[in-house]
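# Dropping a prediction and its sequence here:
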Amino acid sequence: MSLWFGLPANDRVINSDAYLTENVRGKNSWAYLRASRFRSRLSHMDQLHLDLWWRGLNIAQDAGTYLYNAESPWDNPLVTTRVHNTVTVDGRDQMTRAGRFLVLDWASAYSKNLIEADDTILGRARGYHRGYHGLKHERTVTVYQNERWVVNDNFFARSRSERVYRLHWLLPDYEWELENRDASQGIGLRIKSPYGWITLSVHSSFIINHSSLSLVRAGELVHGQRDVQPYEGWVSHIYGQKSPALSFAVELSSAYNIEITSEFIFPDSAA
């Protein structure tokens, strides 16, 4: 634009407040961490949502929109935090939904890419928000040379109070199986992609066992125990169309600061 109008060129400016905020790239994979400072009406309550792609496959997915104006429960339900790849607290959204299209109590998020001296790290980004009053949710996303992705969710509380943390990942509708492992090692889920088995491992600063895990597909509970909403376990790539997906959730209760770690291990790095 400067050249076109014959004006002096400005230095390049990178604005990390844009919709597609911090991108992180591996050798055959990439992700973006959703962290927005809202300037206009928001569409979803999805701060620190993570989309993860590997070899052209959308592994950790955004549920999309599906429908705005259908009868309940399809009156724009995919705006809610619980269907996104992030953590909800005490069953609440990050903000206040006041209508089909109206959201109040906007909670901005902040993020940045980090430069690491560790040669095994290809990229790292960190973001945070304070949508849950009295809590700071900080998420760090790291990709390693061997295509292993690690997502660390840390919660810092101003005061001690028992809270329920629910980590959620929306995964493709692939064949799946649970891994048998000791409770101190967390829990593991394997899904069979066209290029081999992908492992999602979740562990925490607190003990996780399989009773904490639930899996929903197309609005139906297929493993564990949880109150299922009919709009869970769906993904909408095109408006008005929806397809089954795997809604994977882990719940933990704690009155202290807590860390939850998710690891995505792809076939090339599983050896």
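All right, it came through fine.
# So what pairs up with residue 140 in the strands?
residue 126, residue 152 (DSSP bridges).
# quick one: contacts for it?
124-126, 151-152, 154 (CB atoms under 8 Å, 6 or more residues apart in numbering). Heads up, the C-betas are built off the backbone N, CA and C, glycines and all.
# let's see 10 Å
Shown in contact with residue 140 (CB atoms under 10 Å, 6 or more residues apart in numbering): 33, 114, 124-128, 150-154, 261.
# Quick check: it vs residue 60, distance?
Distance, residue 140 to residue 60, by CB to CB, to the nearest Å: 15 Å.
# Grab the CA positions of the helix or strand hosting residue 216 and hand them over as CSV.
For residue 216, the host element (DSSP states H and E) is strand 213-217. C-alpha atoms of strand 213-217 as CSV (Å, rounded to 0.1, in the frame of the first residue of the first chain):
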residue,chain,number,x,y,z
LEU,A,213,-13.1,-39.8,32.0
SER,A,214,-16.2,-39.8,29.7
LEU,A,215,-16.7,-40.1,26.0
VAL,A,216,-19.7,-39.0,24.0
ARG,A,217,-20.5,-39.5,20.3
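# Just list what it packs against, helices and strands only.
Under the contact criterion of 3 or more CB pairs under 10 Å, 6 or more residues apart in numbering; DSSP states H and E, strand 213-217 touches strand 163-171, strand 175-179, strand 187-193, strand 220-223, strand 246-254.
# What strands flank the second one, and is each parallel or antiparallel?
Taking DSSP bridges as the criterion, strand 175-179 sits next to strand 187-193 (antiparallel) in its sheet.
# for the spatially most central residue of the chain, what are its contacts?
Of all residues in the chain, the one closest to the mean position by CA atoms, centre = their mean is residue 85, 2.2 Å from it. With contact taken as CB under 10 Å, 6+ apart, residue 85 is in contact with 31, 33-34, 46, 48-52, 60-63, 151, 167-171, 248, 262.
# So how do I select the buried members of these in PyMOL?
Buried members of the contacts of residue 85, defined by 16 or more other CB atoms under 10 Å, are picked up in PyMOL with:
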select buried, resi 31+33+34+46+48+49+50+51+52+60+61+62+63+151+167+168+169+170+171+248+262
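# so who does the closest residue to residue 79 other than its chain neighbours touch?
Leaving aside its chain neighbours, residue 79 sits nearest to residue 44 (5.0 Å; criterion: CB to CB, 6 or more residues apart in numbering). Neighbouring residues of residue 44 by CB under 10 Å, 6+ apart: 34, 36, 62-65, 76, 78-81, 83-84, 94-95, 103.
# quick one: pLDDT of residue 44?
Listed pLDDT for residue 44 reads 70.
# What of residue 270?
If you check residue 270, the pLDDT there is 50.
# what do you get for residue 14?
Listed pLDDT for residue 14 reads 42.
# any low-confidence regions in the stretch 151-271 of the chain?
182-184, 209, 269-271 (pLDDT under 70).
# For residue 61, list the residues it contacts.
51-53, 84-85, 169-172, 235, 237, 245-246.
# Model confidence for the residue nearest to the centre of the chain, exactly?
97.
# how would you label it: helix, strand or coil?
Assigned with DSSP: H, G, I helix; E, B strand; the rest coil, residue 85 falls in the coil class.
# Now it. Its backbone dihedrals?
Reported as degrees, to the nearest 10, the phi and psi values for residue 85 are phi -90, psi 70.
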